[in-house]
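Chemist: structure here, sequence nowhere to be found:
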């Protein structure tokens, strides 16, 4: 009788362990599925944001002009940009760069049929000697990791123009109307 109880107890424990492992495996499977969906969604957004061109703008690589002589403080605050790509696809981004090195950005994308999609990102930013860098940590509230580097061509209190090294896309943003523009020494 005692042996039966021991085997029954061991069987129960083994059943619990197997069930826990199965649940952990299922949880990991769903985590991987969610990550795959997130990566696919990010790839679709990136593909839509990138202009298709057989001769990409390489000004980021070959711009030998002097770097804008400003502190990173000049990039802080709220900025807005819009761009219509060659494909007719339209995008708008509203960007807030904080003095603590964090940024938030809201993208609005408009398809050719008029359908709009909104996406929110957040992460870290920095500026040093012509290079504007962002590290995306979250997209639409989901963990993400993307590192992007841009060559800055121009920074003034009202606008900034920069080119993405990988895609060659050039962007221009203007300071939002109610945003504080730090005074530049000079």
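Modeler: Structure's in. What do you need? The shown structure was predicted, so the numbers you read here are calculated from the model rather than taken from an experiment. Residues are numbered from 1 along each chain as shown.

Chemist: tell me how far residue 81 lies from residue 113.
Modeler: Taking Cβ to Cβ, to the nearest Å as the measure, residue 81 falls 23 Å from residue 113. C-beta coordinates here come from the backbone N, C-alpha and C atoms, glycine included.

Chemist: looking at the two, which one has more neighbours?
Modeler: Counted by other Cβ atoms under 10 Å, residue 81 and residue 113 do not tie: residue 81 has more neighbours, with 19 against 5.

Chemist: and the more buried one, what pLDDT?
Modeler: For residue 81, the model assigns a pLDDT of 95.

Chemist: can you list the domains in this structure?
Modeler: For the chain, automatic domain parsing gives the domain ranges 1-49, 62-175.

Chemist: what's the most buried one of those?
Modeler: domain 62-175 (a mean of 15; mean count of other Cβ atoms under 10 Å).

Chemist: circling back to that earlier point, lowest-confidence stretch among the domains of the chain?
Modeler: domain 1-49 (a mean of 64).

Chemist: show me where this protein has its strands.
Modeler: Assigned by DSSP state E, the strands in the chain fall at 77-84, 90-97, 102-110, 116-128, 131-139, 142-155, 159-164, 170-175.

Chemist: mind giving me the packing neighbours of the fifth one?
Modeler: Spelled out, it's strand 131-139. Helices and strands touching strand 131-139, by 3 or more Cβ pairs under 8 Å, 6 or more residues apart in numbering; DSSP states H and E, are helix 2-49, strand 116-128, strand 142-155.

Chemist: again, but for the third one
Modeler: In terms of contacts (3+ Cβ pairs under 8 Å, 6+ apart), strand 102-110 is packed against helix 2-49, strand 90-97, strand 116-128.

Chemist: give the pairing partners of that strand; include direction for each.
Modeler: strand 90-97 (antiparallel), strand 116-128 (antiparallel) (DSSP bridges).
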